[in-house]
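[1] predicted structure and sequence below. I'll ask about it afterward.
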Amino acid sequence: MREKRSGAAAGRLRRSRSFLLLAAFSLCLLCLLLAGVVIWARHLPVFPARAGCVAADLPPADASPAVTAAGLQKPPYPASHIYQPVYDPASGERLPVLALTFDDGPNSTITPRLIDALNERGIHATFFMLGRLAERNPEVVAYAYASGHQICSHGWAHEYRLTTLDDAGLAVEVEDTARVIRNITGEDPSYLRPPYGAIDKKTASRIRFPLMLWNIDPRDWDSRDAEKVKQHILDYAFDGGVVLLHDCYESTLSGAMAAVDELQAAGWQFVTLAEYYDLFDIALQPGVVYRGAGLADID
Ligand SMILES: [Zn+2]
């Protein structure tokens with residue numbers, strides 16, 4: 001009787017052990033499955049690694065042009081413009097330069113005001129525009145170009161990492177955007193900045209433009225705080241800095257311009273990337289990834 005009972009107990013123990021083993025195994029399987037889903041989802045636009053400012057900034061289809069025709073009648077600024085270095089009369093040293101770069105536009109309201117603010121200060125910046133938004137806001141592209149700012153490409157719609165695209169997908173990002181910009185300015189965009197900064201050597205070699213990253217990142221899209229944007233630029237400014245900003249936030253417009261005012265008062269110069277590379281005597285190559293005056297350290 002006791003043996004029977006202990007035999008039944010051992011059976012129960014065995015059953016509960018195998019149940020526990022099965023539960024643990026199922027849990028592991030579930031974890032693996034979840035990890036797989038997360039890894040897969042990160043390649044989708046719904047999970048961008050860096051929040052941009054695109055989704056909320058598509059103007060309504062019927063948005064009226066924010067720029068008047070008068071803005072387009074300014075004489076075109078020569079793209080081949082060579083920046084003349086400015087020297088401190090006291091020390092004889094060249095004054096430091098910064099390149100401001102604005103991604104994810106053109107925005108129908110912020111970008112024209114930013115262009116006005118840059119023009120008022122007599123400085124030029126570089127715009128990495130999305131083809132989709134350039135197509136919707138051609139007046140803004142034309143206004144930036146006619147004001148002497150440099151027009152570059154940021155791909156079509158900021159939906160994909162270029163590193164995940166096949167040739168057809170890459171052609172949409174690179175060539176469709178170039179065509180829209182060319183139709184407005186008469187010129188190809190100068191360079192391409194990959195969305196999210198996501199690029200590798202293999203993908204870069206498939207692109208016919210020099211690829212541009214940055215070396216100062218105020219994370220304006222994250223803080224959306226003018227004071228933080230300004231302070232980051234002031235804290236990290238160095239001769240040869242390339243600042244990553246986004247022309248779709250009020251806070252970026254006011255923060256960046258507040259930093260420009262302080263830096264200009266201290267003698268800093270602001271240049272487009274074309275002027276920057278002329279100044280540092282760097283001949284850019286298509287399919288090569290640059291971070292400021294150096295090559296980007298990528299695989
Ligand atoms: Zn971007």
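    Thanks, I have the structure now. Numbers count the residues shown, from 1 in each chain.

[2] quick one: the strands in this protein?
    97-105, 126-129, 150-153, 211-212, 241-246, 269-270, 289-291, 294-295 (DSSP state E).

[3] which of these sits most buried?
    Using mean count of other CB atoms under 10 Å, the stretch among these with the largest mean neighbour count is strand 126-129, at a mean of 28. The way it works is simple: take the backbone N, C-alpha and C, and place the C-beta from them, glycine included.

[4] average pLDDT for that strand?
    Mean pLDDT, computed over strand 126-129, is 98.

[5] strands paired with it, and their directions?
    When sheet partners are counted by DSSP bridges, strand 126-129 sits next to strand 97-105 (parallel), strand 150-153 (parallel).

[6] for the ion, which of the strands of the chain is the nearest?
    Across the strands of the chain, the ion has its closest neighbour in strand 97-105 (4.1 Å, CB to the ion).

[7] tell me if that closest one is near the ion.
    Yes - against the ion, strand 97-105 shows contacts by CB under 5 Å from the ion at Asp103, Asp104.

[8] what's the nearest residue to His232 if we skip its chain neighbours?
    Pro218 (3.7 Å; CB to CB, 6 or more residues apart in numbering).

[9] I meant to write Leu253 there.
    Leaving aside its chain neighbours, Leu253 sits nearest to Leu114 (5.2 Å; criterion: CB to CB, 6+ apart).

[10] now do Gly131
    Nearest residue to Gly131, sequence neighbours excluded (CB to CB, 6+ apart): Thr177, at 3.1 Å.

[11] any idea how far the ion is from the one you found?
    Separation of Thr177 from the ion (CB to the ion, to the nearest Å): 13 Å.

[12] go ahead and confirm that residue touches Trp156.
    Yes - in this structure Thr177 lies within contact range of Trp156 using CB atoms under 8 Å: 5.3 Å.

[13] of those two, which one has the most company?
    Between Thr177 and Trp156, Thr177 has the larger neighbour count (other CB atoms under 10 Å), namely 26 against 23.

[14] quick one: contacts for the spatially most central residue of the chain?
    By CA atoms, centre = their mean, the chain has its centre lying nearest to Asp103, at 4.8 Å. By CB atoms under 8 Å, 6 or more residues apart in numbering, the contact list for Asp103 reads Gly52, Phe128, His154, Arg193, Leu244, Leu245, His246, Asp247.

[15] Val289 bridge partners, please.
    Beta-bridge partners for Val289, by DSSP bridges, are Leu211.

[16] where does Arg12 land on pLDDT?
    Arg12 carries a pLDDT value of 69.

[17] I should have written Val54 there, sorry.
    For Val54, pLDDT reads 58.

[18] try Glu173
    98.

[19] my read: it touches Thr164, true?
    No - counting by CB under 8 Å, Glu173 does not reach Thr164; the two are 10.9 Å apart.

[20] so between the two, which is more surrounded?
    For Glu173 versus Thr164, neighbours defined as other CB under 10 Å are more numerous around Glu173 (25 against 12).

[21] could you check how far that one is from the ion?
    Remark: distance between Glu173 and the ion (CB to the ion) = 12 Å.

[22] and for Ala274, nearest residue in space, chain neighbours not counted?
    Closest residue to Ala274 apart from its sequence neighbours, by CB to CB, 6+ apart: Gln150 at 5.6 Å.

[23] would you check that the one you found makes contact with Met129?
    No - contact criterion CB under 8 Å: Gln150 and Met129 do not qualify, at 10.5 Å.

[24] so Val288 sits against Met212, correct?
    No - if you go by CB under 8 Å, Val288 and Met212 don't touch, sitting 10.1 Å apart.

[25] so what's the nearest residue to Ser223 once chain neighbours are set aside up against?
    Counting by CB to CB, 6+ apart, Ser223 lies nearest to Val229, which is 6.8 Å off, once chain neighbours are set aside. By CB under 8 Å, 6+ apart, the residues touching Val229 are Pro218, Asp220, Ser223, Leu245, Ser251, Thr252, Gly255, Ala256, Ala259.

[26] do Thr272 as well
    Contacts of Thr272 (CB under 8 Å, 6+ apart): His81, Tyr83, Ala99, His124, Ala125, Thr126, Gly148, His149, Gln150.
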